[in-house]
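Peer 1: need a structure here:
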Amino acid sequence: MAEITPNDFINFFKYYKDEKHQQEAVLELYRSLDLTSKDESAEWITTYRTKPEPVATKGICTPKLMEQLTGHKASSFDSVFVNDCNRLFADTGFDKHLEPMQMLMANMMHETCNFVYMKEIASGADYNGRADLGNTSPGDGEKYKGAGVLQLTGKYNYSQLAEGINDPKVMDGVDYVSNTYPFTSARIWIEENDLLNICLTEGFDACCLKINGGWNGYEDRLTKYCECRAYMV
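Peer 2: Next up, the predicted model:
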């Protein structure tokens, strides 16, 4: 009989989706554990519940830079936030091109009112029944409303992100995504719309047009672009 390896065991939980047969299997595992393993102070339980401090990601984004750009105190921007910003720039190739980074940052600042609104203000109820967004179940509209700097919206787009970054918890919905992936939530859209190439070849106005689909808030975007050019150096 083949032996189950540690990685095999981890995979049982990696792909856990709360289905009935999986619940029954976990209950069977629970029944087979000794009493020490079930104690609240058991080492595996405390390890599981203790979230490690995020590792700093190198990049242009720092709490100090965010303070300079937005006027909000540097302490308002934690390591999860700045790390995810740097991750987005690195994953999409923007980190290798200063001016496109400035263009994208300016637009993200505008879309979120200087990173104040990281999820859609509206309830999301209007998205219920939107099959084009993958919202086929009751409550999908509220659960998968706009999240992050470019407002990732809809169950289908959330599922694309979950698959793209290999994190099934993305499907927990808007609160998880806006808190954990405030910037990475925009990655799939940026890649699919070839935004870096647009910035490199067509410039700031084309970047704004691609993101907004029009010219709403153009003056504010331009003002923020000037700020980005002054501080992102």
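
Peer 1: so where is this protein shaky, pLDDT-wise?
Peer 2: Low-confidence segments of the chain (pLDDT under 70): 1, 50-57.

Peer 1: ramachandran angles for Gly203?
Peer 2: phi 90, psi -170 (degrees, to the nearest 10).

Peer 1: excluding its backbone neighbours, what's nearest it?
Peer 2: Met103 (7.8 Å; CB to CB, 6 or more residues apart in numbering). Where you see a C-beta, it was placed from the backbone N, CA and C, and this is true even at glycine.

Peer 1: ok, the one you found touching Cys207?
Peer 2: Yes: counting by CB atoms under 8 Å, Met103 does reach Cys207; the two are 4.5 Å apart.

Peer 1: what about these two, which has more around it?
Peer 2: Per other CB atoms under 10 Å, whichever of Met103 and Cys207 has more neighbours is Met103, with 29 against 24.

Peer 1: spit out the contact partners of Gln151.
Peer 2: Counting by CB atoms under 8 Å, 6 or more residues apart in numbering, Gln151 touches 111, 120.

Peer 1: who touches both of Met103 and Cys207?
Peer 2: Cys199.

Peer 1: all helices of the protein, in order?
Peer 2: 6-14, 20-32, 35-38, 43-49, 63-70, 79-92, 98-111, 140-143, 155-165, 174-180, 187-192, 195-202, 204-212, 218-231 (DSSP state H).

Peer 1: nearest to Asp126, out of these?
Peer 2: helix 140-143 (6.5 Å; CB to CB).

Peer 1: quick test: name the residue nearest the centre of the chain.
Peer 2: Tyr181 (2.1 Å; CA atoms, centre = their mean).

Peer 1: now do the contacts for the residue nearest to Arg229 when sequence neighbours are not counted.
Peer 2: Among residues not flanking Arg229 along the chain, Gln102 sits closest, at 5.3 Å (CB to CB, 6+ apart). When contacts are counted by CB under 8 Å, 6+ apart, Gln102 touches 225, 228-229, 232.

Peer 1: now with 6 Å, please.
Peer 2: 228-229, 232 (CB atoms under 6 Å, 6 or more residues apart in numbering).

Peer 1: could I get the CA-only coordinates of stretch 130-141 as CSV?
Peer 2: Taking C-alpha atoms only, stretch 130-141 is exported to CSV below (Å, rounded to 0.1, in the frame of the first residue of the first chain):
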residue,chain,number,x,y,z
ARG,A,130,-25.6,39.4,-14.1
ALA,A,131,-24.7,36.2,-16.0
ASP,A,132,-22.0,38.2,-17.9
LEU,A,133,-20.2,38.6,-14.6
GLY,A,134,-20.8,35.0,-13.6
ASN,A,135,-23.3,36.1,-10.9
THR,A,136,-25.7,33.2,-11.1
SER,A,137,-26.5,32.6,-7.4
PRO,A,138,-28.5,34.8,-5.1
GLY,A,139,-26.2,37.2,-3.3
ASP,A,140,-23.4,37.0,-5.8
GLY,A,141,-23.8,40.7,-6.6
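
Peer 1: list the buried residues of it.
Peer 2: Neighbour-count burial for stretch 130-141, counted by 16 or more other CB atoms under 10 Å, picks out 130, 133-135, 140-141.
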